[in-house]
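J.: pasting the structure only:
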């Protein structure tokens, strides 16, 4: 008979402070992180949209309130990942079939009442008790030993490896561009000034530069080389879409008027161990442009592993496409546990600027596992609870070949567990007080096609990614217990055996992942 005892961690599903955008003077000195990118506000209250970034119309937004249905996978825990704390074997001595209170012999058919209220045949009880005693003796333990609680095994976690991960996570990138120009170009007030310049002049994509009036002011900022911040982070790729385009000394020569340029930055950080618990943060910024359009895309995702089973907590995307002629498009989505819970998609003519925020709770199972605590067979289920959401702002101007996206995904999650044992002489459970992942990411990116002297076209990009993360702080353990006869008052003693699954002080990271600008000529 299997007895399931559920023991879950106290979950404080508090809402995570996230960043808001507020104007910062372009003349201010840059000391440490720019406040505009990290100023916390409470998501518990509905955020007033930034002036000029109105919320989408209700009819344009699709919200999925359906429960998150996620298939829970079963897995056999790898025994090589568990280290049993063995001692010198001891001599087996059987427990006689006696009354636990008086110590007198009783018939095997006698019904015993355990402290948890469970009634069991005395013969069945002592048979299983002696089987466990023999198996405990083989690894140097006994149900007769005085200790009431013993850690008998632990996961084979290399703590030096975890410490190295923490050092890499806290390492400040050596080169982060803190220039005022990047701050200015990404702050909302400057974005709105860019898309609302006027009067807008007539555009002809067939003409060189696409501008009928060549006296129109063009963006011509001194080219800046991309900075390499951290070997863990992709330093950026410049991708020629047209195979006829060739690269020469860092610049691209224009082979066809329809050629385009793409600039991509990515990040990927992971901490912990997949065989027990791990957490990750991934993302991408991609900026693209040609003489006839610009496009800005931002993606960010968070998730983890539990006993080698991958799960995604939250993923946010935002894409802005701004053509010189025709209708532009915007599309932003939030996925929680790979379920689309929010989507905004619409078209626009010429100009666009909107923003919104959304969050929801999450609660789903990750893995069903079977294992042993010492000689005691157990099963358990682990899952995740918390909240996840995102905030975004998007803007575009087709006439000025400009696209802007700000994406702010956030998550606050904890692990929980339920467990049971296939024994009649006691029970089992799982304890979990583990902060799985608390993350707040702010990614900003803008792309604009400009024209330098000689009507040379170029793609100018600005980007900034700031992150505040805490992960894998706390512990998770499984335990099994046995009621052993005392032969006195009280008549029972409870012996508990623990498996220390995961125990760590946590990982923390706060700072820029990326920040810089890039220009590439057509």
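T.: In hand now; what should we look at? The structure presented is a predicted model; accordingly, all values stated were derived computationally and were not measured.

J.: now the top strand by length along the chain: buried residues?
T.: Longest strand of the chain, by residue count under DSSP state E: strand 456-485. Under the neighbour-count criterion of 16 or more other Cβ atoms under 10 Å, strand 456-485 has 457-474, 476-485 buried. The way it works is simple: take the backbone N, C-alpha and C, and place the C-beta from them, glycine included.

J.: and the residue nearest the centre of the chain, how far is that from residue 178?
T.: Residue closest to the average C-alpha location in the chain (Cα atoms, centre = their mean): residue 302, at 2.1 Å. Going from residue 302 to residue 178 by Cβ to Cβ, to the nearest Å gives 26 Å.

J.: equivalent analysis for residue 155, please.
T.: Shown here: residue 155 relative to residue 178, a distance of 42 Å by Cβ to Cβ.

J.: tell me where the model's unsure across this protein.
T.: Applying pLDDT under 70 to the chain flags the ranges 1-49, 172-174, 198-258.

J.: so where do the helices sit in it?
T.: Along the chain, the stretches classed as helices by DSSP state H are 122-138, 159-170, 180-186, 188-195.

J.: okay, now residue 336: neighbour count?
T.: Counted with other Cβ atoms under 10 Å, residues neighbouring residue 336 total 25.

J.: contact partners for it?
T.: Contact analysis of residue 336 by Cβ atoms under 8 Å, 6 or more residues apart in numbering lists 68, 313, 314, 360, 362, 388.

J.: out of these, which end up buried?
T.: Among these, those buried by neighbour count (16+ other Cβ under 10 Å) are 313, 314, 360, 362, 388.

J.: which of these fall in strands?
T.: 313, 314, 360, 362, 388.

J.: and those residues, which two are the farthest apart?
T.: The span of those, defined through Cβ to Cβ, is set by 313 and 360 at 11.8 Å.

J.: overlap in contacts, those two.
T.: Overlap between the contact sets of residue 313 and residue 360, as judged by Cβ under 8 Å, 6+ apart, is given by 336, 388.

J.: bridging residues for the closest residue to residue 510 other than its chain neighbours?
T.: Leaving aside its chain neighbours, residue 510 sits nearest to residue 468 (4.8 Å; criterion: Cβ to Cβ, 6 or more residues apart in numbering). Going by DSSP bridges, residue 468 is paired in beta bridges with residue 440, residue 510.

J.: for residue 468, which residues are in contact?
T.: By Cβ under 8 Å, 6+ apart, the contact list for residue 468 reads 38, 439, 440, 441, 509, 510.

J.: now these in JSON lines, with distance to residue 329 and neighbour count?
T.: JSON lines is the format used below for the contacts of residue 468 (distance: Cβ to Cβ, whole Å; neighbours: other Cβ atoms under 10 Å):
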{"residue": "38", "distance to residue 329": "30", "neighbour count": "20"}
{"residue": "439", "distance to residue 329": "29", "neighbour count": "25"}
{"residue": "440", "distance to residue 329": "28", "neighbour count": "23"}
{"residue": "441", "distance to residue 329": "24", "neighbour count": "27"}
{"residue": "509", "distance to residue 329": "34", "neighbour count": "20"}
{"residue": "510", "distance to residue 329": "35", "neighbour count": "14"}
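
J.: out of these, which is nearest to residue 325?
T.: Among the contacts of residue 468, residue 441 lies closest to residue 325 (Cβ to Cβ), at 34.8 Å.

J.: ok, the closest one - contacts?
T.: Going by Cβ under 8 Å, 6+ apart, residue 441 touches 281, 283, 300, 302, 407, 408, 409, 410, 465, 466, 467, 468.

J.: wait, residue 411 touches residue 313, no?
T.: Yes. The pair residue 411 / residue 313 is scored as a contact, 5.0 Å apart, by Cβ atoms under 8 Å.

J.: which neighbours do these two share?
T.: Listed as contacting both residue 411 and residue 313 by Cβ under 8 Å, 6+ apart are 302, 386, 388, 437.

J.: name whatever forms a beta bridge with the second one.
T.: According to DSSP bridges, the partner residues bridging residue 386 are residue 362, residue 413.

J.: try the first one
T.: When bridges are called by DSSP bridges, residue 302 pairs up with residue 281, residue 314.

J.: quick check, it in contact with residue 438.
T.: No. Using Cβ under 8 Å, residue 302 makes no contact with residue 438, being 9.6 Å away.

J.: now for these two: what residues contact both?
T.: Shared contacts of residue 302 and residue 438 (Cβ under 8 Å, 6+ apart): residue 411.

J.: near residue 397, how many other residues are there?
T.: Neighbour number of residue 397 under other Cβ under 10 Å is 25.

J.: quick one: it from residue 457, how far?
T.: Going from residue 397 to residue 457 by Cβ to Cβ gives 17 Å.

J.: now swap in residue 150 and tell me
T.: To residue 457, residue 150 is 72 Å away according to Cβ to Cβ.

J.: do residue 287 as well
T.: On the measure of Cβ to Cβ, residue 287 and residue 457 end up 15 Å apart.

J.: over to residue 484?
T.: 82 Å.

J.: residue contacts, the closest residue to residue 96 other than its chain neighbours?
T.: Nearest residue to residue 96, sequence neighbours excluded (Cβ to Cβ, 6+ apart): residue 105, at 6.7 Å. Counting by Cβ under 8 Å, 6+ apart, residue 105 touches 96, 97, 98, 99.

J.: could you find the closest non-adjacent residue to residue 396?
T.: Nearest to residue 396 is residue 322, by Cβ to Cβ, 6+ apart, at 3.8 Å.

J.: can you tell me which residues contact the one you found?
T.: Shown in contact with residue 322 (Cβ under 8 Å, 6+ apart): 293, 294, 295, 328, 352, 396, 397, 398, 401, 402, 403.

J.: before we move on, what about residue 72?
T.: 365, 366, 367, 368, 381, 383.

J.: how about these in JSON lines, adding neighbour count?
T.: Formatted as JSON lines, the contacts of residue 72 follow (neighbours: other Cβ atoms under 10 Å):
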{"residue": "365", "neighbour count": "19"}
{"residue": "366", "neighbour count": "26"}
{"residue": "367", "neighbour count": "20"}
{"residue": "368", "neighbour count": "17"}
{"residue": "381", "neighbour count": "19"}
{"residue": "383", "neighbour count": "22"}
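
J.: between those residues, which sits nearest residue 169?
T.: residue 366 (23.0 Å).

J.: what's the closest residue to the closest one other than its chain neighbours in contact with, if anything?
T.: Here the nearest residue to residue 366 in space, its sequence neighbours aside, is residue 306; by Cβ to Cβ, 6+ apart that works out to 4.5 Å. Residue 306 makes contacts with 276, 277, 366, 367, 382, 415, as judged by Cβ under 8 Å, 6+ apart.

J.: does residue 306 have beta-bridge partners, and which?
T.: Beta-bridge partners of residue 306, counted by DSSP bridges, are residue 277, residue 309.

J.: repeat for residue 357
T.: Counting by DSSP bridges, residue 357 forms beta bridges with residue 391.

J.: go ahead and confirm it touches residue 407.
T.: No. Using Cβ under 8 Å, residue 357 is not in contact with residue 407, being 11.4 Å away.

J.: of the two, which one has the most company?
T.: Under the neighbour definition other Cβ under 10 Å, residue 357 and residue 407 were set side by side, and residue 407 has more, 27 against 20.

J.: what about the residue nearest to that one when sequence neighbours are not counted, neighbour count?
T.: Spatial nearest neighbour of residue 407, excluding adjacent residues (Cβ to Cβ, 6+ apart): residue 298 at 4.0 Å. Residues near residue 298, counting by other Cβ under 10 Å, number 29.

J.: could you pull out the strands for the stretch 201-350 of the chain?
T.: Remark: strands assigned in the stretch 201-350 of the chain by DSSP state E, counting those that start in this stretch are 234-240, 246-248, 251-253, 260-272, 277-290, 293-306, 309-323, 327-336, 339-349.
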